[in-house]
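Engineer: Just the structure for this:
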Amino acid sequence: MKYKFLLFDSNAVFTYVNRMTLQSIEYPQGQHFIEHIRGHYKTESFEDTIINYCDTGIIFCGKSPDSSNVSKKVFCFDLTACGDIMSESDSNLLFIFQKAFRTALKIWNRHPFSSSERVHGTKSILFPFPYPDPRRLVIERSSTVLQLESQNIDFPLLAYKYNSDDPSQDEDTVDTTILKFAEKSFNSKFCEICSQLKELDSASPVDVKSPVLHSIQTKQEVHRSDFMYWSFEDQYSKLTAPQKEVVDDDSLKSPLRIDGAAGTGKTMSMILRAYRLLEFHRKKGLPFRIIFFAHSQSTFQRNLNAFQTYSNSSQYLTKTSPQSIEFTTLLDYCATFASIPLTSLLERDAGEAKTFQLMLLENVLSHPDIIAKIRTFRPLLSPELQDMFDPQKTSPIALYNMLQHEFSIQIKGRTDSTIDKYYDLSPIANGLPCSSQKDKELVFSIFCAYQNELNADGTFDIDDVVMEALSRLNAPIWRRMRAASGYDYIFVDEMHLFNLNEQSVFHFLTKDLYQKNIPICFALDYSQAIGDRGNVSNEYIEHAFGAPTAKKYHTVFRNSPQITDFCVSIATSGVLMFHEHFSDPYNETHSNFLLDNEKKSEVPSLYEYDNDDEMLNSLKQHLQSITKNLKCSPKNIAIIAFDDKFYSPDVIERISQSVEHAVVPLNGRASSPSNKIPSDSYIIASPYDINGMEFDAVILLGVDEGRVPQTAGTSDISQHFIKYSAYNLLYLTSSRAKYRLILLGNRLKGRSSCLDHSITSKYLIVK
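Structural biologist: Have a look, this model is predicted:
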């Protein structure tokens, strides 16, 4: 290895942890910083610091807040002892150094350590990656580790070990040879670096005549909660390199796929791309039509609100404009295209639609004809499906959920509702175990009875509407109209939430009937696909759109490091989510929070109460504490209920009286964007209405074994399905929170088994 040490003074450390663009290699500055750490450049000024290359190491020094003096506190990495750290990927290496910098600041400032930091004598042990990753960095923090002759250093920290080995039972003997080399180099360069810092200070004077610019810079660096209200130019300037690649991509014929965990900025980069395309074609004088799909009413409204902040947005939102964009949900588009009245829909809200479907299934399965058919078929069924229809082994609500999933994903989503295709369809792992012909004949007969219930009420579920629209889209009239009425470009937010039939619609909306590659840009995070299996090997979007250009986002903007770690623990502890075809959204994903943001953040907490009444009564205390500590308005806090009874009008009114504020339900019919909700009102929602939203704090109501997951009276097979869905919903809802996440449960129902790993790993604190 060419260099033996890296030496950072405390001013440089403070600067690096407070620069947003240095938190991720997806920013050019972050990548540039890592190249310096690897020793690939030469002496230069960088981000208000001086990076000075010596014969044996590299010195990083920054300006102090009140002068240009180099700090006497230094942090030295002994690369001869912990050189394995350099074998990490660029993303992981930057993450480790940023974590180490924060630990160093805590040591110097005598602040308490987090759960990822351990203390052993005079040593601090940092575990930068979530449990159970064993990699650790060991730091000697004794102020007497080296009796330095120079007065330029008075509190050195030495990182001298990086590995994943179990610690030795013997006390470590710290070799300070490299630290002495670093001290000599630091002393020899001290005057030179001080001079360079003074030149740096004089070369970039503060322009006292630009207070507005200073204010904008402060806003952008400290927090991004109002990012969606910035101008296009301001937003674009703060994008990461992969995000800019999406916005600037000139291809209008090849599919563009964006992968990333919740909160990585997938939606905003698509909105920026849409605006850039419209601006480009307006300036060229060329007509250009865009359609931007969302899954839910609330997400559609949020996307529209974000776009409306741009100049010329009103012009582009006019359908008669030569350059136009249409924001809509797929359900609304299909209902309008197929001339189906919205009043004929089963429900427009996803959560209420599912509840109503379960009620219909309960009605179907209680019908004498179906009861008799199940009794007749039972001896002919596979043992697994026999257990499903045995009330002693599987509770009715679990059976209703699994049948509803089978109808939507398998029968309507993959067979065009035909028994012949259903015969050939393999069962989904951990789904309804329909393996034999008799299994499928029984389930399909129940499906037909369910369809009859819909017909009797004169209503249509989402799949019915989409199938009707598909039949018309694939008809001669639309084929002839596509060239004039089709779209030049299609955006699909949260593609993972659309089933096979819904995804097929997008294929028919382009202008070119024979176009092989569809001009489409879509965002994906399969771990948010509620209730689906995560097995994407046979999904329509994997092959129907040709070979898409894939962009992977790693930088999480929404969530604090503590909430990100909790989301990781939920995803990785859900073993059923991580079979061979699952796409891990948190592969080398790191939070982008700065120190000021982290001060508002806490490790997620679980509070357990003796009954539901006590749990509801506790909401006032939790909400008041959050608004006081975060200094946020009530509308920036969401209560997400995991039990339908908490979402009823009576209970919402009770909660409102208890917390002494209005509580507004967020659902598909209300479609109330947060900026239209009164600032003194809290939001309550079901897990099915919250996708795409974000809040300063989230309270999850009813997280216990009775509800997350619901396991009473379930067979082994139905438990797999219910628990998998529970992991999905926990990940989805938890990732909505930025600073605070609180879980409330009923102690008598039992602690949710989905939380075991998170609690053991200390990513969730039980209070």
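Engineer: End to end on stretch 289-302, go ahead and measure it.
Structural biologist: End-to-end distance of stretch 289-302 (Cα to Cα, to the nearest Å): 20 Å.
Engineer: Let me see the mean pLDDT of it.
Structural biologist: Per-residue pLDDT over stretch 289-302 has a mean of 88.
Engineer: 417 is where my numbering starts, stick with that
Structural biologist: Fine by me, first position is 417 from now on; the one you just mentioned is stretch 705-718.
Engineer: Let me know the next secondary structure element after the helix or strand of the chain with the lowest mean pLDDT.
Structural biologist: Scoring the helices and strands of the chain by mean pLDDT, DSSP states H and E places helix 627-638 at the bottom, with a mean of 30. Later in the chain than helix 627-638, the nearest helix or strand by DSSP states H and E is helix 648-653.
Engineer: Give me the buried stretch members for that next one, please.
Structural biologist: Using 16 or more other Cβ atoms under 10 Å as the test for burial, helix 648-653 gives 648, 651-652. From N, CA and C alone the C-beta is placed, and that goes for glycine too.
Engineer: Not counting sequence-adjacent ones, nearest residue to the residue nearest in space to the middle of the chain?
Structural biologist: Central residue of the chain (Cα atoms, centre = their mean): Ala678, 1.2 Å from the mean position. Nearest residue to Ala678 in three dimensions, chain neighbours excluded: Ser1151, at 3.5 Å (Cβ to Cβ, 6 or more residues apart in numbering).
Engineer: before we move on, what SS does Ile1055 have?
Structural biologist: What DSSP: H, G, I helix; E, B strand; the rest coil gives for Ile1055 is strand.
Engineer: on that earlier part again, residues in contact with the residue nearest to Ala678?
Structural biologist: Taking Cβ atoms under 8 Å, 6 or more residues apart in numbering, we find Ser1151 in contact with 677-679, 944, 974-975, 979, 983.
Engineer: Pick out the most distant pair among these.
Structural biologist: Largest separation among these by Cβ to Cβ: Gln944 and Ile979, giving 15.1 Å.
Engineer: Looking at those two, which one has more neighbours?
Structural biologist: Comparing Gln944 with Ile979 by other Cβ atoms under 10 Å, the one with more neighbours is Ile979, at 28 against 20.
Engineer: So what does the more buried one have for phi and psi?
Structural biologist: phi -70, psi -40 (degrees, to the nearest 10).
Engineer: so who does it touch?
Structural biologist: Contacts for Ile979 (Cβ under 8 Å, 6+ apart) come out as 1017, 1020, 1150-1151, 1153-1155, 1157.
Engineer: quick one: it from Phe914, how far?
Structural biologist: Applying Cβ to Cβ, to the nearest Å, the value for Ile979 to Phe914 is 27 Å.
Engineer: repeat for Lys927
Structural biologist: Per Cβ to Cβ, Lys927 is found 22 Å from Phe914.
Engineer: who has more neighbours, the two?
Structural biologist: More neighbours surround Phe914 than the other of Lys927 and Phe914, with 24 against 16 (other Cβ under 10 Å).
Engineer: Let me see the contact set for the more buried one.
Structural biologist: Applying Cβ under 8 Å, 6+ apart, we find Phe914 in contact with 711, 746, 908.
Engineer: Please name the residues that touch the second one.
Structural biologist: Going back to what we said before, that points to Leu746. 709-711, 882, 914, 918, 921.
Engineer: What are the contacting residues of stretch 580-599?
Structural biologist: Contacts to stretch 580-599, defined as Cβ under 8 Å, 6+ apart, come from residues 420-421, 423, 472-473, 475, 490, 492, 494-497, 536-537, 539, 541, 549-552, 554, 556, 561-562, 564, 566, 569, 572, 574, 576-577.
Engineer: Out of the residues you listed, which end up buried?
Structural biologist: 420-421, 423, 472-473, 475, 490, 492, 494-497, 539, 541, 551-552, 554, 556, 561-562, 564, 569, 572, 574, 576-577.
Engineer: Name the spans of the stretch 1067-1183 of the chain whose pLDDT lies under the cut-off.
Structural biologist: For the stretch 1067-1183 of the chain, the stretches flagged by pLDDT under 70 are 1083-1092, 1126-1138.
Engineer: now the stretch 867-1016 of the chain
Structural biologist: For the stretch 867-1016 of the chain, residues meeting the criterion pLDDT under 70 lie at 915-917, 930-933, 942-964, 970, 988-1007.
Engineer: Helices of that one, residue ranges please.
Structural biologist: Along the stretch 867-1016 of the chain, the segments classed as helices by DSSP state H, counting those that start in this stretch run 878-889, 892-901, 916-921, 977-989, 1011-1014.
Engineer: and Ser440, which of those helices is closest to it?
Structural biologist: When the helices of the stretch 867-1016 of the chain are compared for distance to Ser440 using Cβ to Cβ, the nearest one is helix 977-989, at 12.5 Å.
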